[in-house]
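Q: sharing a model prediction with you, sequence too.
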Amino acid sequence: MSGTKHFTPACCLSNPHIQTLWPSLFRRPVSLSLQRERIELPDGDFVDLDWGENTHGPIAILFHGLEGSGNSSYIRGLMMALGQQGWRTVVMNFRGCSGEPNRLARAYHSGDTGDIQFIITLVKQRYPDTCMVAVGYSLGGNALLKYLGETGSTSQLESAIAVSVPFDLDNAAHTLRKSGFGIYQNHLLKNLKSTVLSKKQILASIIDINAAMNTKNFHEFDHIVTAQLHGFRGVDDYYAQSSSNQYISLITTPTLILHAKDDPFLHSSAIPDKKNIPKLVQLEVSPHGGHVGFISQQGYWLEQRIPEFLSHFLNR
């Protein structure tokens, strides 16, 4: 492997919160011309796909994190990096994340693999002889690993990469109550509550809107909103069924998992033990990197490591 395999933080940027916040605070917008495609789903809802600039080549499907989208800097940065290597890229905006509320009284969640499977199958049907891989970040990475475990040898993917995954959702919710003095939790909860209010009329018959607005952490929000909207018995049932750690041992697709030991979204105790990782899954844990950060002296390391790993599949 080349020298990009091991991450070293840029000078004075080893702090996990600086690593996590730097891209959203200081990264210049990545200029890309994306082509949007609306996909109608079997249940009457929709998701929007944002296709990258390349129209030929192997295909990389990207899945963003909580409250992310095709406009997220980490998504656009990777689309540019992969595009320069010859990949055709497309990001699936989870329901309600493309700038327009979705139609149904539901949203998306960390264990929601139905739409992922639908889109992967759709793209494979369109391009049956084309190499196809997937990359998931944070929530999207958790759902991708769960999908890979559920489907096993029928994943339809040549390879996959998952970045900064909350392997244990209960651990992540507990960690985020304390991590970064609540800055991450408060920011994400504000966005989630705004989405609830934008769909107040169709959600009011299912959840207690006032209670949702008064939630103070993810555990409360997931119990009152996420679990109720998606058919779970409560937050504990949601976390138990949706955490990806129990699915990793079932993965048979060549997969790279990238994680930082100092990720402020997850306590290091929840990182899977390499002894329990199947042989086709490669777990790389860096001492530093934060959450979807990984800022090195040379720039955004994920946009070097991910294309490097996927380069082995370019000619398949």
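A: That came in fine, so what should we check first?
Q: counting contacts, what elements does the longest helix anywhere in the chain pack onto?
A: As assigned by DSSP state H, the longest helix anywhere in the chain is helix 183-198. Counting contacts by 3 or more CB pairs under 8 Å, 6 or more residues apart in numbering; DSSP states H and E, helix 183-198 packs against helix 169-178, helix 209-213, helix 218-221. C-betas here are computed from N, CA, C, even on glycine.
Q: contact partners of the second one?
A: In this case it means helix 209-213. By CB atoms under 8 Å, 6 or more residues apart in numbering, the residues outside helix 209-213 that reach it are 193, 196-197, 200, 203, 221, 224-225.
Q: tell me the buried residues in it?
A: Residues 209, 212 are the ones in helix 209-213 that count as buried (16 or more other CB atoms under 10 Å).
Q: just the CA atoms from it would do, formatted as PDB, please.
A: Taking C-alpha atoms only, helix 209-213 is exported to PDB below (Å, rounded to 0.1, in the frame of the first residue of the first chain):
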ATOM      1  CA  ILE A 209     -45.200  17.400  18.200                       C
ATOM      2  CA  ASN A 210     -44.800  19.400  21.500                       C
ATOM      3  CA  ALA A 211     -42.900  16.600  23.100                       C
ATOM      4  CA  ALA A 212     -40.700  16.300  20.100                       C
ATOM      5  CA  MET A 213     -39.900  20.000  20.200                       C
END
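Q: tell me how far it lies from the chain's centre.
A: Offset of helix 209-213 from its chain centre (CA atoms, centre = their mean, to the nearest Å): 26 Å.
Q: these two touch, right, Gly180 and Phe265?
A: No - Gly180 lies out of contact with Phe265 (CB atoms under 8 Å); the separation is 9.1 Å.
Q: of those two, who's got more company?
A: Phe265 (27 against 19; other CB atoms under 10 Å).
Q: for the more buried one, which non-adjacent residue is spatially closest?
A: Spatial nearest neighbour of Phe265, chain neighbours left out: His291 (4.6 Å); criterion: CB to CB, 6 or more residues apart in numbering.
Q: any idea how many residues pack against that neighbour?
A: 27.
Q: what sits against the closest residue in space to Glu40 that isn't next to it in sequence?
A: Nearest residue to Glu40, sequence neighbours excluded (CB to CB, 6+ apart): Phe46, at 5.5 Å. Taking CB under 8 Å, 6+ apart as the criterion, Phe46 is in contact with 38-40, 95, 102-103.
Q: where does Phe46 fall, phi/psi-wise?
A: Per-residue torsions, Phe46: phi -150, psi 160 (degrees, to the nearest 10).
Q: and it, what's its pLDDT?
A: Reported pLDDT at Phe46 in the predicted model: 98.
Q: look up how far Leu34 lies from it.
A: Phe46 sits 17 Å away from Leu34, going by CB to CB, to the nearest Å.
Q: which non-adjacent residue is nearest the residue nearest in space to the middle of the chain?
A: In the chain, the residue lying closest to the centroid (CA atoms, centre = their mean) is Gly140, at 2.2 Å. Leaving aside its chain neighbours, Gly140 sits nearest to Phe63 (3.1 Å; criterion: CB to CB, 6+ apart).
Q: ok, that neighbour - how many residues close by?
A: Here the number of neighbours of Phe63 (other CB under 10 Å) works out to 27.
Q: my read is that it contacts Ala134, right?
A: Yes - in this structure Phe63 lies within contact range of Ala134 using CB under 8 Å: 6.8 Å.
Q: shared neighbours of these two, which are they?
A: Leu144.
Q: contact partners for the residue nearest to Gly140?
A: Applying CB under 8 Å, 6+ apart to Phe63 gives the contacts 91-92, 94, 116, 134-137, 140-141, 143-144.
Q: now swap in Val196 and tell me
A: Counting by CB under 8 Å, 6+ apart, Val196 has contacts 203, 207, 209, 212-213, 225.
Q: from the residues you listed, pick the one nearest Thr154.
A: Relative to Thr154, the closest of the contacts of Val196 is Val225; by CB to CB it sits at 32.3 Å.
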